[in-house]
Every structure is written in C-alpha cells, then in structure tokens.
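Visitor: no sequence on hand, only this structure:
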Ligand code: MN
C-alpha cells in the first residue's frame, strides 16, 4: 500500500481567499487541529510577505511535531526569511517556487528559461544550508513546455530538492491531461524525489485532478480544508482523504483520522467566517441528510441504500432524516419512534394528514413541531 503525503495549505493558499485572512492566534489554533487530524505537512505561511505570516510560521514551527513548511520565492531574501521563521521547527521544510511557463517567464518575471534554471539551482543550494527538506514548485507548471518542465525537474532534484510540486496554478487541466503530465514528471523524477499535485477548482476539477495525479504516480497532494483558496479555491482535503479511504483502500492510504474531518471543517469555517455550501461534499450540513420519501424509507430500513459510507466515518451523527413535504410515512414513523412516541393506526393516519398540511406551508417540520402535532391528537 502506498502512503500518500498530505500537505495542507489552508494557512497559506487557503488564506489567500478573499476575506479569509487570519490573525496569529487563529492560525496557531488551526495548525494544532491540522496536526491532530493527521496531516503530514502544514504550510504555515509566506514569511517574507508580512509580519503576521512570519510570526505565525515561527509560533507554529515551535509547537508542531509534523513537518512545518514556509513558502519563499526563488530569492535570497525570501529563503533566508523562511529559514529564520522555521528556526525552531522540529521538521522544517522550505518551499521555493518559480514560474516555468513562457507566459510567466516572459511577461511577469521577464527572464529567459536559462536564467530560470540558474535561479532554481542557486536557490535550492542556498536553502540546503538551512534544511535538507526542500520542496520546489514550478508555478504555472501545467501551461509550461513539457520538455522544459522535465528539464527543471531533473535540475532541482540534482541541486537537492526532495519534493517537486506541479501546480495547476490556474485550474485549467482535465483529469486525463493531469495524468499525462504526472506520468511524465514521475518518470523524470526517477524516484529520487516525491512528486506532488497542487490543483485549483476553477473548472470544478480540483479533486478529480488530484486523484488522477495520484493514480499517475504523485505521492503527495496539496489541499485546504473546505477547499478554501484563491478564486474558486483549492482542492478540498476532506474530499481527497475520503476518496482515498473509501475507494482506494488497499492501494493508497493517508495518515488522516477521517473522524475528525467534520470538526476541523467547522472550525475553519467559523474562524475564517467563510460558510460552507449546505450541499458541500463530505462536510456540508446536508451531506448526509435525506429528503425524499423513497430515500428516507430506504435509509430507515438499511442506511446503505442511499449512503456510500456511514456518516460516523467523518465524525457526523448517524442517519439524519429531515421531514419535508417529500417525506413519507416511513420517515415520520421513524422520527416518532426516535422520540419515543407511539400512536394507534388511526391516530397515525390523522397525524400524517396534519403533517402534510403543515409541511406544505413550512419547508421543514422539526421533530418538535411533529411532537406538538402528535400531542394534540391525544
Ligand atoms: Mn495555489
């Protein structure tokens, strides 16, 4: 079974979502939860970017036993600042990034490919003076010339990088395109370094692309809790962790304790003040709720009829029946039974017709409302 490294970037890329900026105290609290959740690497911030980032990285580094990572451009001042922030880390990682697409090299950095190669080598060598754990990211990798990407992969590994990260910075790949790139980069890396996937959700494919990358040879993925991040966000950690647990059991595994996913998801949502969509996969409020009569009847009899895994696997309470006008007699009976209310057949029929009248007026009938209806019949 292949152990996949989980690299969480909620505190760096996730925090780049509009309105998600956190203070030091909040970042430290989330880092503690991430470590309990079982992530392997916490990307704690971008130390050169701000004093808050520097302080947060340094406080998180001082308290964590997992790998703590700091981001740096391929520049001397960024790398030394990252190293300084990681000074007290048990397991420090410096994460250097440099664009490799001609678009970024020409228009943003205004340097040649040869200059990029030189800059990559010198920055990895500098970072090596502070820690052996160096990760190198090729920004806009997925729109870069594939031969150049292969060359850069061999170059940074030769200089000493232990992980090469291939970001789909603008979220434009299809899963099959992702598989082709990761097949090529995995070959170029020749098992001398880990290959990592970093995807974005601009086309709603962030999770699918990570899964494709893993199947094509990636051994690390980067994601955020609730998929928060720039624009349409990053890949959602909880989705990938559950896909690996539910679909790839025996082939791949992670160190994530999936039972903590819901509580960590709620904490990140509360701290960032970014609400989750009710139908968000895995951690949405309604992700394990059943509304239609046929589905409610099925899950009351056997939860597996409409649930792909028990909600307790992600730390949710069992079977959530929400009574609406779509509900049938089976669901209403189930909720009554849960509340310890027994009715004669005639009373149940009367209750059910009152329930329907009421449900047509209000969208959801709470257990309390149902109890009141039942009590009025006695
Ligand atoms: Mn990103």
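Guide: Received, thanks. These figures come from a predicted structure and were not determined experimentally.
Visitor: all strands of the stretch 1-150 of the chain, in order?
Guide: 2-3, 5-8, 41-45, 67-73, 91-99, 134-139 (DSSP state E, counting those that start in this stretch).
Visitor: how about residue 232: what's its closest non-neighbour residue?
Guide: Excluding the flanking residues, the one nearest residue 232 by CB to CB, 6 or more residues apart in numbering is residue 201, at 4.4 Å. Every C-beta, even on glycine, is put in place using the N, C-alpha and C of the backbone.
Visitor: how many neighbours does that neighbour have?
Guide: Residue 201 has 21 neighbours, counted by other CB atoms under 10 Å.
Visitor: pick the most deeply packed of the strands of the stretch 1-150 of the chain.
Guide: With neighbours defined as mean count of other CB atoms under 10 Å, the strands of the stretch 1-150 of the chain peak in mean count at strand 41-45, which reaches a mean of 28.
Visitor: tell me the angle it makes with strand 134-139.
Guide: Strand 41-45 runs at 70 degrees relative to strand 134-139, counting by axes from the mean of the first three to the mean of the last three CA atoms, to 10 degrees.
Visitor: what sits up against strand 41-45?
Guide: The contact list for strand 41-45 (CB atoms under 8 Å, 6 or more residues apart in numbering) reads 5-9, 11-13, 15, 27, 31, 34-35, 52-54, 56-57, 60-61, 64, 66-71, 85, 93, 95, 220, 222.
Visitor: now stretch 285-297
Guide: By CB under 8 Å, 6+ apart, the list of residues contacting stretch 285-297 reads 276, 278-281, 299, 305-307, 311, 316, 319-322, 324, 326-328, 330-331, 334.
Visitor: now do the buried residues in that stretch.
Guide: Neighbour-count burial for stretch 285-297 flags 287, 288, 289, 290, 291, 293, 295, 296, 297 (criterion: 16 or more other CB atoms under 10 Å).
Visitor: same question for stretch 259-276.
Guide: 260-262, 264-269, 271-272, 274, 276.
Visitor: for the residue lying closest to residue 194 once chain neighbours are set aside, what are its contacts?
Guide: Closest residue in space to residue 194, ignoring its immediate chain neighbours: residue 163 at 4.4 Å, by CB to CB, 6+ apart. Taking CB under 8 Å, 6+ apart, we find residue 163 in contact with 93, 134, 135, 136, 193, 194, 195, 196, 220.
Visitor: same list (the strands of the stretch 1-150 of the chain) but as a markdown table, adding mean pLDDT.
Guide: Converted to a markdown table, the strands of the stretch 1-150 of the chain look like this (pLDDT from 0 to 100):
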| stretch | mean pLDDT |
| --- | --- |
| strand 2-3 | 96 |
| strand 5-8 | 98 |
| strand 41-45 | 98 |
| strand 67-73 | 98 |
| strand 91-99 | 97 |
| strand 134-139 | 97 |
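Visitor: you'd agree residue 46 is up against residue 53?
Guide: Yes. Applying CB atoms under 8 Å, one finds residue 46 in contact with residue 53, separated by 5.1 Å.
Visitor: please enumerate the strands of the stretch 251-378 of the chain.
Guide: 252-253, 289-290, 320-321.
Visitor: tally of neighbours for residue 230?
Guide: 19.
Visitor: so the residue nearest the centre of the chain versus residue 211, what's the distance?
Guide: The residue lying closest to the centre of the chain (CA atoms, centre = their mean) is residue 237, at 2.0 Å. Residue 237 sits 13 Å away from residue 211, going by CB to CB, to the nearest Å.
Visitor: one more: residue 284?
Guide: Relative to residue 211, residue 284 is positioned 20 Å away (CB to CB).
Visitor: which parts of stretch 72-79 are buried?
Guide: 72, 73, 74, 75, 78, 79.
Visitor: neighbours of residue 204, just the number please.
Guide: Considering only other CB under 10 Å, residue 204 is surrounded by 10 other residues.
Visitor: I misspoke; the intended subject was residue 355.
Guide: 22.
Visitor: that one against residue 371, yeah?
Guide: No. Residue 355 lies out of contact with residue 371 (CB under 8 Å); the separation is 11.4 Å.
Visitor: so who does the closest residue to residue 259 other than its chain neighbours touch?
Guide: The shortest distance from residue 259 to any non-neighbouring residue, by CB to CB, 6+ apart, is to residue 315 (4.6 Å). Contact partners of residue 315, counting by CB under 8 Å, 6+ apart, are 258, 259, 260, 261, 262, 263.
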